[in-house]
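A.B. asks: Would you be able to build a 3D model of this:
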Amino acid sequence: MIYLLENNNIDSNELIEVAKNYLETNKCCVDYPNCEHPVHQSDTTLFDLNEQNIFKLKKQLFDYFGHQNVMYINSWVYKRDKGPNTGGVWHNHSSNPTYSPISTQQNYKVKSCILYLNDTNLGTEFEDENFFIRIKPKKMIWYIFDGTLHHKPEYGHLEKDRYVISCDVILKDYK
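C.D. replies: This next block holds a predicted model:
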């Protein structure tokens, strides 16, 4: 199941500028550019940025999931260049979050979130053993889904650069 959470109180153009600047100064990892990450992806600490709109996004997710349930949030910027492309690689976010301070001894579950910052003609594809779907992206709406769900950027020709904020919300699992 994919849930939608609207985000009407933030200017998307301001957020795109924040995203561009963050991408320039916060590369995905120490091995960049010789790593397996997408070419234009930041590190996973975007929500640590002291910026008003980023704070609003973070607060919105904490409010949605419940402050008491959130253990940690990894957040990053992803940019996809306009023009023809090959799509992305199928992946999920369910593995042990070694990129966070969560211990393997703790019970947790991962919810993944995608926020398109601008209008785009290509979305994200999702697949499991029972279905294959594509979302029709709308800017400034969080798409929230289980971290075990395989997904990838849709293949095709982008009419303009696409900016996305993504995150993994690590939640307490009360088994």
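A.B. asks: Lowest-scoring secondary structure element of the chain by mean pLDDT?
C.D. replies: The helix or strand of the chain with the lowest confidence, counting by mean pLDDT, DSSP states H and E, is strand 83-85 at a mean of 83.
A.B. asks: can you list the residues that contact that one?
C.D. replies: The contact list for strand 83-85 (C-beta atoms under 8 Å, 6 or more residues apart in numbering) reads 153, 155-158. Every C-beta, even on glycine, is put in place using the N, C-alpha and C of the backbone.
A.B. asks: tell me the contacts of Thr120?
C.D. replies: Here Thr120 is in contact with 137, 139, 158-160, 162 (criterion: C-beta under 8 Å, 6+ apart).
A.B. asks: hmm, back to that, name every strand pairing with the least confident helix or strand of the chain and say which way it goes.
C.D. replies: Strand 83-85 has the following sheet partners, assigned by DSSP bridges: strand 156-158 (antiparallel).
A.B. asks: after the partner strand comes which helix or strand?
C.D. replies: Moving toward the C-terminus from strand 156-158, the next helix or strand (DSSP states H and E) is strand 162-172.
A.B. asks: re the thing from before, can I get the contacts of strand 83-85 in TSV with pLDDT?
C.D. replies: Below are the contacts of strand 83-85 laid out as TSV (pLDDT from 0 to 100):
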residue	pLDDT
Pro153	90
Tyr155	89
Gly156	90
His157	91
Leu158	90
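A.B. asks: Mind putting the residues you listed into a markdown table with distance to Asn85 and neighbour count?
C.D. replies: Output for these, formatted as a markdown table (distance: C-beta to C-beta, whole Å; neighbours: other C-beta atoms under 10 Å):
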| residue | distance to Asn85 | neighbour count |
| --- | --- | --- |
| Pro153 | 8 | 22 |
| Tyr155 | 7 | 12 |
| Gly156 | 7 | 13 |
| His157 | 8 | 10 |
| Leu158 | 7 | 17 |
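A.B. asks: any idea which of these is closest to Asp43?
C.D. replies: Pro153 (19.1 Å; C-beta to C-beta).
A.B. asks: wait, isn't the closest one in contact with Lys79?
C.D. replies: No. Applying C-beta atoms under 8 Å as the test, Pro153 and Lys79 come out as separate, 11.0 Å apart.
A.B. asks: Tell me where this protein has helices.
C.D. replies: Listed in chain order, the helices of the chain (DSSP state H) span 12-25, 52-65.
A.B. asks: export the last one as CSV, just CAs?
C.D. replies: C-alpha atoms of helix 52-65 as CSV (Å, rounded to 0.1, in the frame of the first residue of the first chain):
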residue,chain,number,x,y,z
GLN,A,52,13.2,26.3,7.9
ASN,A,53,11.6,24.3,5.0
ILE,A,54,13.6,21.1,5.9
PHE,A,55,12.5,21.5,9.5
LYS,A,56,8.8,21.6,8.3
LEU,A,57,9.3,18.4,6.2
LYS,A,58,10.8,16.6,9.1
LYS,A,59,8.1,17.8,11.5
GLN,A,60,5.4,16.7,9.1
LEU,A,61,6.8,13.1,9.1
PHE,A,62,7.2,13.0,12.8
ASP,A,63,3.6,14.2,13.2
TYR,A,64,2.4,11.6,10.7
PHE,A,65,4.2,8.6,12.2
